[in-house]
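Enquirer: just the structure for this:
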Amino acid sequence: MNSPARRRGQAFTLTELMIVLAILAAVTAIALPVGRSVLARSRQAACLSNLRQIGTGLEAYLQDNAQYLPEIAAGRKTRNDDTPVLETVLAPYLPGSAVFHCPADHKEFERSGCSYIWNLSQSGRHRLNLEFFGKSGNDQRIPLVIDKEGWHPGESGVNFLYADLSASSKVQFGVTR
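Expert: The predicted structure follows:
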């Protein structure tokens, strides 16, 4: 027969339960920020992948249009605007509209149809005659497509698609004095 003393030795004491809860709270406090950071980095990587795909579509557009960049607006306020923009002009060159949605964007894509903005100063220019803040000619560090907002971790918080069609989270352009 089990005595009350024997059953009592098999259960958790209040002190043991408090220690277990404190350990769980400490592990959660450590893991939560790490998990958020990993999630933010994965969204940034997916965004960079989207920009690379946009770059591939832009390359196909350039081949079809004698190496001239599209003459488009920087963006639109709503999906109903009948303005030629990045997501409408490059749509035939890309697999679907999902490439225009940055995973870190929770409102711009729904409203306007694109998480990215076109560098309006490059519209209609020949690929070899780009100019941006004093940099000109064949400088491939001229940004063409940029996140609409700083959604990502890092210094700038935005990702860029450059004229050489590489995508990066680093600001790689400067100005000439």
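Enquirer: now do the strands in this structure.
Expert: 116-118, 130-132, 135-137, 143-147, 160-162, 167-168 (DSSP state E).
Enquirer: with only the CA atoms kept, save stretch 121-133 in PDB.
Expert: Output in PDB follows, covering the C-alpha atoms of stretch 121-133 (Å, rounded to 0.1, in the frame of the first residue of the first chain):
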ATOM      1  CA  SER A 121      15.300  59.500 -63.100                       C
ATOM      2  CA  GLN A 122      16.300  56.400 -65.200                       C
ATOM      3  CA  SER A 123      13.000  56.200 -67.200                       C
ATOM      4  CA  GLY A 124      13.500  55.900 -70.900                       C
ATOM      5  CA  ARG A 125      17.300  56.000 -70.700                       C
ATOM      6  CA  HIS A 126      19.600  53.800 -72.700                       C
ATOM      7  CA  ARG A 127      21.300  51.200 -70.500                       C
ATOM      8  CA  LEU A 128      24.700  52.700 -71.200                       C
ATOM      9  CA  ASN A 129      23.700  56.300 -70.600                       C
ATOM     10  CA  LEU A 130      22.400  56.200 -67.100                       C
ATOM     11  CA  GLU A 131      23.000  59.100 -64.800                       C
ATOM     12  CA  PHE A 132      22.400  59.500 -61.000                       C
ATOM     13  CA  PHE A 133      23.700  62.200 -58.700                       C
END
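Enquirer: how far does it sit from the chain's center?
Expert: 24 Å (CA atoms, centre = their mean, to the nearest Å).
Enquirer: for that stretch, buried residues please.
Expert: Neighbour counts over stretch 121-133 (16 or more other CB atoms under 10 Å) mark Gln122, Arg125, Arg127, Leu130, Phe132 as buried. In this view, the C-beta of every residue, glycine as well, is placed from N, C-alpha and C.
Enquirer: that's all I had, so thanks and see you.
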